[in-house]
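Participant: sequence and predicted model, in that order:
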Amino acid sequence: MSYTTIQPAWVRIAHWVNALAVVLMVMSGWQIYDASPIFAGLQFPSTITLGGWLGGALQWHFAVMWVLVVNFLVYVGLNIVSGRLRRKLLPVSIRSIARDLTAALRGKLEHEDLSRYNAVQKFAYLVVIVDIALVILSGLAIWKSVQFPLLRTLMGGYDNARVVHFVAMSVLVAFFVVHIAMVALVPRSLLMMIRGR
């Protein structure tokens, strides 16, 4: 019996590299945030942060940042060049998102064919691609604020770039939580992301 590969090796590798990079970036980012909070009263427990102190967190953040950026560029580039982005994630419409979201909330969304994404998945993956780009750009506006004044201005200034970065990170964390919950509901999708089928 022959099996068709649904997720090619490069997609699976990029997926797992991205998952690890995002977890490390978020944990070190929370430690950096705690050193200079944006929102009064919001602090992250040290048990879920990485780096131990501001200097250590910055080292982790800047080291893993390169992994995230390179992996993201390779992933998006290969998706565009191979046509996978167009085949898998487009088209998507508000009507189809509403239909599939309603079906999902009623527990009636089909998951038999894992090779095809439903409209909610398409929308979520597109949002994550845009969100990671925003995380990278806002992070650059914070890290190299003097070198990229136009980017800093587009973000609404340095302080606002920190807020944009925090909000974009929060969207990524929310996606991550929902993604894990969906995998728990459809465990075959985890196997597919490990072995490709």
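Facilitator: Yes, it's here.
Participant: please count neighbours and contacts with C-alpha atoms only from this point.
Facilitator: Will do.
Participant: what does stretch 164-176 rub up against?
Facilitator: For stretch 164-176, contacts defined as Cα atoms under 8 Å, 6 or more residues apart in numbering pick out 26, 124, 128, 131-132, 134-135, 138-139, 155.
Participant: kindly report the same for stretch 91-99.
Facilitator: Applying Cα under 8 Å, 6+ apart, the set of residues contacting stretch 91-99 is 119-120, 122-123.
Participant: do the same with stretch 47-56
Facilitator: The list of residues contacting stretch 47-56 from outside it, by Cα under 8 Å, 6+ apart, reads 24, 27-32, 35, 46, 57-60.
Participant: could you do stretch 10-24 as well?
Facilitator: 50, 60-61, 64-65, 67-68, 71-72, 75, 193-194, 196.
Participant: quick check: PyMOL command selecting the buried ones in these.
Facilitator: Listed next is the PyMOL selection for buried residues among the contacts of stretch 10-24, using 16 or more other Cα atoms under 10 Å:
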select buried, resi 50+60+61+64+65+67+68+71+72+75+193+196
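Participant: which stretches of this protein form helices?
Facilitator: Using DSSP state H, the helices of the chain run over 9-35, 54-82, 84-89, 94-105, 119-143, 149-154, 158-185, 188-195.
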